[in-house]
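Novice: just the structure for this:
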Amino acid sequence: MTSNKTIVFVEIVGDSIPTMKKLNLENNLSNIRKELKKNINDMNILLFAIKVGQIFAKTEPDDENDTILNDIIFENSGIKFLYLMKNSNPSWKYLNEKCKLDFGRITSFDGIKEASSKAFKLKDCEFKPIDSKGYKKGRLEFKSEEDWMKKTNLFFGIDINVQNFIGLGLSIGKSKDENFKDEINSTYVYTEIGKASLKFSKENLELTSHFSNDVKNAIKSKEHNKFREIIDKYGQFVPTEVILGGRVYFKGVKTLSENSTNKTKESSVNMSFGPPIAKIGGNSSDSERKSDFYSFDHMKILGGSPPVDENFDEKIWNKSLEDYRTWDCIELKNPINIFKLLPDDIYKEAFKSIGKRILRTIVKDYEYRLDNPERYQIIELTDEESKIILNKDADCDIFATVVDDDENSKKVFFNCQILKNQNAKPSIIIHVIQKEPQKRICKLKIGIMIIGYDVDFNFINSNVSVELLVNNNYNFNDGLMANNLFLGIPVLEYFNHLNDSITIGHNFRKLNNELIIEPFSYCSKKHCYHFSNLPQFSFYTIVIKNYSNIYESRILEYPKKDEIKFSDKCPKYISMYFSEADSYLPVFMNQKSEKVYLKHFCNKCEKCKQEPEYNIKLKTYSIL
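Specialist: Numbering: from 1, shown residues only. This is a model prediction of the structure:
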């Protein structure tokens, strides 16, 4: 069998030992590069060269696809030579491979961690050198646990996306390190030399088949644990901007002394938490940047050549960074969740397969004037609070509860409904129910729960899931409700003068092994209940599974007993669950920080005449 390959001696200019390799002379240089990578580790920093007399001319990387190997072969006495020469200019491909820039990353208590497997392959990027402005000196201090976590994981700028990635690492780290507070209170001095920045976008990334297959299998399984495993394997996010260069930290700087003679300065720094074990040597002048003098007992270096002994010379370290092969990642910016980098159709399938989650809980303070001629008030959400709601992909809904801080206002009841117009963000309608008008201000706490698809995958580590049921038939499978917490709220599409005095309430009731939702209305003008011809609305029920927040279940024999006291003042979502009974009184709840009162506001309706007695189970879910 005839081979298309020819024996070629591959020689790196400056290296006296060539290597024999069989190569196809008709292959272009891009394919030859791939072949040589199998045996030459630093192929990404080498260029193909042509020998012209006694000198070597390098080829441009952009020409490799259009140039075949035979075009640059040097032949001497029938022996073929291929010359390679080191690229003096930084190679982003080399740095990407060395620093794993297109790998996912995971925040941790010990610093940023690289994923074990690659989700994407970087095809191209924007690579720019940084001028002398890349040289920085300063002190590194921490304002909070979150600030410490950000900076430990190489995030130094202001980026709202970063907060989404630091929570898990922070919670794990705090449980493992007893000296966490001491670390937050520590101080570092640092020297930073930024050499280049590398930026890329979603369009510059190529999805790997392994990552694609793992995500598709997780979608089919509909098990959120599979997505946890994917994050463990491929990382939480990919930073789409990286600063490369070197940074050195010295821990615990508390004092600084400086002596100046002419234009030359010498300084020394002593650490506050122990005897020094090493020194940094050098000096600096106005005309040339050199080293300062430090004493320290802890040092951390990113990039550059490490000291050969206990003495660290900043000048030598600075010089070593002239070789781009010593650069490292010193700052990460603009992180994007690995799932958001997927093709749009796979990304949407992924978050929908996990189901809806509790995305946020909010507690708003609100002053409600009882002498207001209107018997309701509408509470709008701020732009910041409703940001996630306006994301159509998240498909959000809200639930609400209201708490009156005044323990003495037992006879004033508040009730929540949701107003959800198609072209506007949802708002909360709060009705007041009172027999006799009062002139005072009630200080309320309004609890708001936002549920929807976790489009940012922020809650992938939570076992709590929710199921939203929108149904006007009101009958549900009791098996779904038996071991889970369920909450309900009426949702109106329209609200005007025709129904502004009507408050809609509801009772959950078990009947013939089915959970029945029986809505009713109360007119605050006529002070009467209605059980039919109700205003048009939808009833939303949320079933919370695997909940871990403060949960309590209490049974109340009503109407003999109409109040329950709790052990804390934390606002709660409360669901009333009536035992099987032929008849019952529709009641409203009045939550007063530590107490909950139940009240039927009538003594003349058809329900009152039956004088029923029954048990009411109150299931509570803490807001905070």
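
Novice: count the residues that sit near Lys22.
Specialist: For Lys22, the count of nearby residues is 11 (other C-beta atoms under 10 Å). Just so you know, the C-beta spots here come from the backbone N, C-alpha and C atoms, and that holds for glycine as well.

Novice: my guess is it contacts Ile7, does it?
Specialist: Yes - between Lys22 and Ile7 there is a contact under C-beta atoms under 8 Å: 5.8 Å.

Novice: tell me the domain boundaries of the chain?
Specialist: Annotated domains of the chain cover 5-88, 94-134+143-185+194-246+331-335, 250-330, 355-452, 465-622 [automatic domain parsing].

Novice: pick out the shakiest of those domains, pLDDT-wise.
Specialist: Note on those: lowest mean pLDDT is at domain 250-330, with a mean of 58.

Novice: on that earlier part again, now the domains of the chain as a markdown table including distance to Pro343?
Specialist: Rendered in a markdown table, the data for these read as follows (distance: least, C-beta to C-beta, whole Å):
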| stretch | distance to Pro343 |
| --- | --- |
| domain 5-88 | 26 |
| domain 94-134+143-185+194-246+331-335 | 7 |
| domain 250-330 | 27 |
| domain 355-452 | 14 |
| domain 465-622 | 25 |
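
Novice: to Glu349, which of these lies closest?
Specialist: Closest to Glu349 of these is domain 94-134+143-185+194-246+331-335 (C-beta to C-beta; 5.1 Å).

Novice: quick one: distance of that closest one to the chain centre.
Specialist: Centroid displacement of domain 94-134+143-185+194-246+331-335 relative to its chain, using C-alpha atoms, centre = their mean, to the nearest Å, is 11 Å.

Novice: over to stretch 129-141?
Specialist: Relative to its chain's centre, stretch 129-141 lies at 28 Å (C-alpha atoms, centre = their mean).

Novice: related to what we said a few turns ago, nearest to Ile346, of the domains of the chain?
Specialist: Among the domains of the chain, domain 94-134+143-185+194-246+331-335 comes nearest to Ile346, with 6.1 Å by C-beta to C-beta.

Novice: how far does the closest one stretch from start to finish?
Specialist: Using C-alpha to C-alpha, to the nearest Å, the end-to-end distance of domain 94-134+143-185+194-246+331-335 comes out at 21 Å.

Novice: helices of the protein, start to end?
Specialist: 29-37, 92-99, 145-152, 163-176, 180-184, 209-221, 224-234, 314-320, 344-354, 478-482 (DSSP state H).

Novice: sorry, back to before: quick one, which of the domains of the chain is nearest to Asn458?
Specialist: Nearest to Asn458, of all the domains of the chain, is domain 94-134+143-185+194-246+331-335, at 5.2 Å by C-beta to C-beta.

Novice: that older thread, the helices of the chain into a markdown table, with extra columns for mean neighbour count and distance to Lys121?
Specialist: Converted to a markdown table, these look like this (neighbours: other C-beta atoms under 10 Å; distance: least, C-beta to C-beta, whole Å):
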| stretch | mean neighbour count | distance to Lys121 |
| --- | --- | --- |
| helix 29-37 | 17 | 13 |
| helix 92-99 | 19 | 9 |
| helix 145-152 | 19 | 28 |
| helix 163-176 | 16 | 22 |
| helix 180-184 | 14 | 37 |
| helix 209-221 | 15 | 10 |
| helix 224-234 | 18 | 13 |
| helix 314-320 | 18 | 30 |
| helix 344-354 | 16 | 17 |
| helix 478-482 | 14 | 44 |
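
Novice: in a markdown table, list these along with distance to Ile68.
Specialist: Shown next, in a markdown table, are these (distance: least, C-beta to C-beta, whole Å):
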| stretch | distance to Ile68 |
| --- | --- |
| helix 29-37 | 7 |
| helix 92-99 | 21 |
| helix 145-152 | 50 |
| helix 163-176 | 46 |
| helix 180-184 | 58 |
| helix 209-221 | 30 |
| helix 224-234 | 38 |
| helix 314-320 | 38 |
| helix 344-354 | 39 |
| helix 478-482 | 68 |
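
Novice: which residues does stretch 52-72 contact?
Specialist: Stretch 52-72 has contacts (C-beta atoms under 8 Å, 6 or more residues apart in numbering) with 8, 13, 23-30, 32-33, 47-50, 82-83, 85, 87.

Novice: hang on, I meant stretch 380-399
Specialist: 348, 351, 356, 359-360, 362, 418, 420, 425-428, 448-455, 468, 487, 489, 491, 540, 542, 573.

Novice: out of the residues you listed, which are buried?
Specialist: 351, 356, 359-360, 362, 418, 420, 425-428, 448-455, 487, 489, 491, 540, 542, 573 (16 or more other C-beta atoms under 10 Å).

Novice: settle this for me: Ile574 is touching Gln591, isn't it.
Specialist: Yes - if you go by C-beta under 8 Å, Ile574 and Gln591 touch, sitting 6.7 Å apart.

Novice: give me the common contacts of those two.
Specialist: Residues touching both Ile574 and Gln591 (C-beta under 8 Å, 6+ apart): Thr401.

Novice: what about those two, which has more around it?
Specialist: Using other C-beta under 10 Å, the more surrounded residue of Ile574 and Gln591 is Gln591, with 23 against 19.

Novice: state the distance from that one to Lys565.
Specialist: Going from Gln591 to Lys565 by C-beta to C-beta, to the nearest Å gives 12 Å.

Novice: could you do Asp365 as well?
Specialist: Asp365 is 23 Å from Lys565, by C-beta to C-beta.

Novice: tell me how many other residues crowd Arg139.
Specialist: Counted with other C-beta under 10 Å, Arg139 comes out at 10.

Novice: surely it meets Thr187?
Specialist: Yes - using C-beta under 8 Å, Arg139 makes contact with Thr187 at a distance of 6.1 Å.

Novice: ok, which stretches of the stretch 201-350 of the chain are strands?
Specialist: 205-207, 237-251, 253-261, 264-271, 278-281, 284-285, 294-296, 299-302, 312-313, 328-337 (DSSP state E, counting those that start in this stretch).

Novice: likewise for the stretch 351-500 of the chain?
Specialist: 356-369, 376-379, 397-404, 413-419, 427-433, 441-453, 465-470, 475-477, 485-492.
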